[in-house]
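Asks: okay, here's the prediction I keep looking at, along with the sequence it came from:
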Amino acid sequence: MGLVVQKYGGSSVADADRIKAVAQRIVATRKAGNDVCVVVSAMGDTTDDLLDLAAQVAPLPPARELDMLLTSGERISMALLAMAIANLGMEAWSFTGSQAGVITDSRHGKAQIIDVTPGRIRDALDKGRITIVAGFQGVAQDTKDVTTLGRGGSDTTAVALAAALGAEVCEIYTDVDGVFTADPRIVTTARQIPKLSYEEMLEMASSGAKILHLRCVEYARRFSLPIHVRSSFSTKPGTWILDIPPEEQMEAPIISGVAHERGEAKITVVGVPDKPGEAAQIFTVVADAGINIDMIVQNVSSVATGRTDITFTLPSTELTNAMGALTKAQDQIGFESLQSDDQIGKVSLVGAGMRTHPGVTAKFLSALADAGINVEMISTSQIRISVVVREHELPAAVAALHSAFELDDTGGEATVYGGTGR
C-alpha cells in the first residue's frame, strides 16, 4: 500500500457537516488501499477569532501564551475528525504537532521546522490506523514550548510529514478546484492550471498566491515530493505541482498566471551616505529584527550631497518593527530620515515561457498604463515580473493583466466553494 498525506484547510472542516464529508473522503482513500496521514487546520475562522479574543484581553499578549492559545484550534479539528472517522467504522488516532514529532526553533508565531521525527505516526500507520495531525504547530527543540509556524503553517506541516514518512504524494485540499491563473475571487474567468513546476509555483507563492504557502513548496522541491492541490468540495482533478522535464516546459504556455499581494508596505531610507557598506548596515539591522524584505530600489546618488535614497518593501505586519529598528540605528548608519507607506500592493506575472519570449515586460507595463495604473517599483526574475501599485488599484491591475495575456477561461466562471476570505 502507498502512503498518502492529505491536508484539509479551515474551510474544508468549517462545521460538523464539512467534517463528516472530509471523513468520508479519507475513509474512501483508505479503502482504496492507501495508508492515510491527515493534517488539519483550525475550523473556519477559528484562528482569526482567537486572535481577536486575545487582542481584547491584552493588546500585546505574550508570544508564548499566544501560541498556546492558537494551537487549540487545530486540536479541536483533529479530535472531531477522528470521531467522525470512527463513526464510519475506521480507527483513527489524532496527534498534536509535538506528538507527531514536528521539531522547530523557538521563534513563537513564525517558527521554522528543524526536523520531523514521526515515530508515533509510523507506529500507528503500521497498525492500520488513520493518523490525524494538528497542522500549524510544533515543539521548540531547546525550550520544549509549543510553537506555531505562521500563516500557511498547516501546508508546511503536511509536506514536511509527507517527506519524513516517504509518502507518494501530498494532497492539499482547499475551497477551490486547484491553482488558477488568478485569484478566482477577483477574476471570475480565471482558468485552472493542470500542472505547474516547483519553480513557477514558488514564484506565484512568493508573489501572493494564497493557494500554497511558500515554505511548503520549497520543502516539496527539496524532496521532489509531488503536491496535488484539490478541492474538498468536488472530485475534479486539481493541479499537480512537480518536477517538469525541460522539454515539457518548452511546450507550456508563456504565462502561467497573475498573482497579487495586499499585505505590503514600503520604507524609504532618505539621505544614505553613498559609500561602501551603508546598504549592508541597513539590511543587517532589518535582518537582525527577523524581517524578510522583497523588492529593493536605490536611487542615483546626488552629486551635490553624495547621498542616495534606498526603498524596500516588506510585509505590512512588520512595518512598525522595521521602523523602530532602523530609527535606533540612525546615528550609527548616518541616514537623514525614514518614510513609510502601508497603502501599497504587489501584482506579479509568472511564467517559465518568459525566458524565451521577448516583449513580455513591454506588454505588461502597457496593460497597466492602458488601465491608468501607475507603477511605483519594479522587480524581475527569469520567470516573473512584479510591480508595486496603490493597494486600491490591485483588482484592476490583476484584471487588466489577466485579460492582456489572454488567460481568461471562455468556458465559464471559476467556483469558490467556501471560505470567507477573512
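Replies: Good, I have the coordinates. Numbering: from 1, shown residues only.
Asks: show me where the stretch 151-300 of the chain has its helices.
Replies: All helices of the stretch 151-300 of the chain, identified by DSSP state H, counting those that start in this stretch, fall at 153-165, 198-206, 214-222, 246-251, 278-288.
Asks: out of the ones you listed, flag the one nearest residue 183.
Replies: helix 198-206 (10.7 Å; Cβ to Cβ). Placement of C-beta: from N, CA and C, glycine included.
Asks: show residues contacting that closest one.
Replies: By Cβ atoms under 8 Å, 6 or more residues apart in numbering, the residues outside helix 198-206 that reach it are 179, 196, 211-214, 217-218, 220-221, 227, 241-243, 256-257, 259, 348, 350-352, 381, 383-384.
Asks: for that helix, give the mean pLDDT please.
Replies: Taken as a whole, helix 198-206 has a mean pLDDT of 91.
Asks: tell me the angle it makes with helix 153-165.
Replies: If you take axes from the mean of the first three to the mean of the last three Cα atoms, to 10 degrees, helix 198-206 sits at 150 degrees to helix 153-165.
Asks: now residue 416: which helix or strand?
Replies: Counting by DSSP states H and E, there is no helix or strand that carries residue 416.
Asks: that one: how many residues sit nearby?
Replies: By the measure other Cβ atoms under 10 Å, the count of residues near residue 416 is 19.
Asks: shaky segments in this structure?
Replies: 1, 246-252, 303, 412, 418-422 (pLDDT under 70).
Asks: which ones among the contacts of helix 198-206 lie within strands?
Replies: Residues of the contacts of helix 198-206 located in strands (DSSP state E): 196, 227, 241, 242, 257, 259, 348, 350, 381, 384.
Asks: so what touches stretch 112-125?
Replies: By Cβ under 8 Å, 6+ apart, stretch 112-125 touches 3, 35, 37, 93, 95, 99-105, 131, 133, 138, 141, 149, 156-157, 160-161, 163-165, 215, 219.
Asks: helices or strands up against the lengthiest helix in the chain?
Replies: Ordering each helix of the chain by length in residues (DSSP state H) puts helix 63-87 first. Here helix 63-87 touches helix 16-31, strand 35-40, helix 46-57, strand 92-95, strand 130-134, strand 137-140, strand 146-148, going by 3 or more Cβ pairs under 8 Å, 6 or more residues apart in numbering; DSSP states H and E.
Asks: quick one: the ones you listed as a markdown table, columns for distance to residue 365 too.
Replies: Output for these, formatted as a markdown table (distance: least, Cβ to Cβ, whole Å):
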| stretch | distance to residue 365 |
| --- | --- |
| helix 16-31 | 43 |
| strand 35-40 | 41 |
| helix 46-57 | 36 |
| strand 92-95 | 50 |
| strand 130-134 | 45 |
| strand 137-140 | 43 |
| strand 146-148 | 40 |
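Asks: quick one: closest of those to residue 184.
Replies: Among the helices and strands packed on helix 63-87, the nearest to residue 184 by Cβ to Cβ is helix 16-31 (19.7 Å).
Asks: helices or strands next to the closest one in the packing?
Replies: Here helix 16-31 touches strand 3-8, strand 35-40, helix 63-87, strand 130-134, going by 3+ Cβ pairs under 8 Å, 6+ apart.
Asks: name whatever forms a beta bridge with residue 269.
Replies: residue 310, residue 338 (DSSP bridges).
Asks: contact partners for it?
Replies: Residue 269 is in contact with 282, 309, 310, 311, 326, 335, 338, counting by Cβ under 8 Å, 6+ apart.
Asks: again, only using 6 Å
Replies: Going by Cβ atoms under 6 Å, 6 or more residues apart in numbering, residue 269 touches 282, 310, 335.
Asks: how near is the last one to residue 279?
Replies: Note on residue 335: its distance to residue 279, by Cβ to Cβ, to the nearest Å, is 11 Å.
Asks: higher neighbour count, those two?
Replies: Taking other Cβ under 10 Å, residue 335 and residue 279 do not tie; residue 335 has more neighbours (23 against 18).
Asks: distance check, that one against residue 292.
Replies: Taking Cβ to Cβ, one finds residue 335 at 21 Å from residue 292.
Asks: I figured residue 135 hits residue 152, correct?
Replies: No - the pair residue 135 and residue 152 fails to qualify as a contact (Cβ atoms under 6 Å) at a distance of 9.6 Å.
Asks: so what sits against both of the two?
Replies: Joint contacts of residue 135 and residue 152 (Cβ under 6 Å, 6+ apart) do not exist.
Asks: these two: which has the busier surroundings?
Replies: Ranked by neighbour count (other Cβ under 10 Å), residue 135 and residue 152 place residue 135 first, with 32 against 21.
Asks: neighbours of the nearest residue to residue 44 once chain neighbours are set aside, how many?
Replies: Spatially, and ignoring its direct neighbours in sequence, residue 44 is nearest to residue 14 (3.9 Å; Cβ to Cβ, 6 or more residues apart in numbering). For residue 14, the number of neighbouring residues by other Cβ under 10 Å comes to 21.
Asks: my guess is residue 14 contacts residue 42. True?
Replies: No - applying Cβ under 6 Å as the test, residue 14 and residue 42 come out as separate, 9.7 Å apart.
Asks: re earlier: for the helices and strands packed on helix 16-31, which one sits closest to residue 263?
Replies: In terms of Cβ to Cβ, the element of those nearest to residue 263 is helix 63-87, at 18.5 Å.
Asks: ok, and the closest non-adjacent residue to residue 257?
Replies: Distances taken as Cβ to Cβ, 6+ apart put residue 181 closest to residue 257, at 4.1 Å, once the chain neighbours are dropped.
Asks: show the backbone phi and psi for that neighbour.
Replies: Torsion angles at residue 181 (phi, psi; degrees, to the nearest 10) stand at phi -70, psi -10.
Asks: check residue 305 too.
Replies: phi -110, psi -20.
Asks: can you tell me how far it is from residue 50?
Replies: Distance, residue 305 to residue 50, using Cβ to Cβ: 50 Å.
Asks: between those two, which is the more surrounded one?
Replies: Taking neighbours as other Cβ under 10 Å, residue 305 and residue 50 compare with residue 50 leading, 17 against 11.
Asks: alright, calling it a day.
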